[in-house]
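In: Would you be able to build a 3D model of this:
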Amino acid sequence: MAQNIYDHPEFFAAYSQLGRSVQGLDGAAEWPALRAMLPDMSRLDVVDLGCGFGWFCRWARENGAATVLGLDISERMLGRAREATADHAITYQVADLEHLDLPEGAFDLAYSSLAFHSLADAARLYGQIHRALRPGGRLLFSTEHPIYMAPTSPGWAQGPDGGRIWPLNQYLVEGPRTTDWLAPGVVKHHRTIGTTLNALIGAGFTITCVEEFCPTPDQIAAQPALAEEVERPMFLLISALRG
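Out: Numbering: from 1, shown residues only. Here you go, the predicted structure:
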């Protein structure tokens with residue numbers, strides 16, 4: 001079973017204060033890049049894997065999706081999503097993505113934001129998603145970038161010239177990483193870019209776009225704190241097509 005840190009009261013309270021939790025999609029710096037990778041939403045049947053508060057589910061419907069299924073392991077997250085949703089075409093269900101069994105040929109788009117790095121066996125899920133998509137369907141997801149996730153002690157350090165650097169170690173040693181983020185003991189699963197792309201190809205997908213998130217100059221001007229994200233990629237965004 002995937003770790004359900006979001007139902008821990010202290011973690012949930014802290015997570016609820018993040019910009020992306022308060023402002024929704026507009027509070028996520030990577031959202032403009034993800035949005036540019038999305039297809040026309042008109043009349044699509046969509047599944048959101050790790051839907052959280054349901055921000056993307058509601059956006060998809062507002063932009064023409066026919067139906068949206070939001071799945072998340074957290075009862076607390078889904079409770080907030082249901083409170084914010086008044087649309088019978090959006091359904092929310094509790095689901096563990098680690099053991100998910102999706103219906104065959106049920107969706108045109110599978111979307112996920114920052115959930116897949118919580119899974120020990122993402123390759124199994126890619127196979128489930130491929131099976132659940134109709135021919136021509138698309139998978140679009142974001143995950144923490146392996147360079148961000150790989151270090152055994154992630155954090156900035158001072159380089160020989162006094163500048164800030166991101167020390168990288170254990171990149172080729174895949175597996176769990178336990179970090180303290182909003183709460184102690186948060187488990188993520190590090191995989192190289194090659195492992196992720198090859199698992200998608202092995203599941204039958206055609207990779208159509210890979211983005212290593214970098215804030216734009218306009219984003220940095222509006223939020224100077226984003227300037228540090230130019231030093232190393234924090235997010236990996238991937239779009240893949242089911243033939």
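In: Residues contacting stretch 104-115, please?
Out: If you take C-beta atoms under 8 Å, 6 or more residues apart in numbering as the criterion, stretch 104-115 is touched by 28, 34, 38-39, 41, 44-50, 52, 56, 60, 65, 69, 97, 129, 131-134, 136-144, 235. Bear in mind the C-beta positions are built from the backbone N, C-alpha and C, glycine included.
In: same question for it, mean pLDDT?
Out: Stretch 104-115 carries an average pLDDT of 97.
In: Show me the beta-bridge partners of the closest residue to A120 other than its chain neighbours.
Out: Among residues not flanking A120 along the chain, H189 sits closest, at 5.3 Å (C-beta to C-beta, 6 or more residues apart in numbering). Counting by DSSP bridges, H189 is bridged to P176.
In: need the contact list for H189.
Out: H189 neighbours (C-beta under 8 Å, 6+ apart): 117-120, 122, 174-177.
In: Going by distance to I165, which of the residues you listed wins?
Out: R177 (19.2 Å; C-beta to C-beta).
In: distance of the closest one from P224?
Out: 29 Å (C-beta to C-beta, to the nearest Å).
In: between the two, who's got more neighbours?
Out: R177 (20 against 9; other C-beta atoms under 10 Å).
In: I'd guessed that one sits against T152; true?
Out: Yes: using C-beta atoms under 8 Å, R177 is in contact with T152, at 7.3 Å.
In: re the thing from before, buried ones only from the contacts of H189, please, as a PyMOL command.
Out: Buried residues among those (16 or more other C-beta atoms under 10 Å), as a PyMOL selection:
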select buried, resi 117+118+119+122+177
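In: now the contacts of H189 in a markdown table, with distance to A110?
Out: Formatted as a markdown table, the contacts of H189 follow (distance: C-beta to C-beta, whole Å):
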| residue | distance to A110 |
| --- | --- |
| H117 | 16 |
| S118 | 16 |
| L119 | 14 |
| A120 | 19 |
| A122 | 13 |
| E174 | 23 |
| G175 | 25 |
| P176 | 24 |
| R177 | 25 |
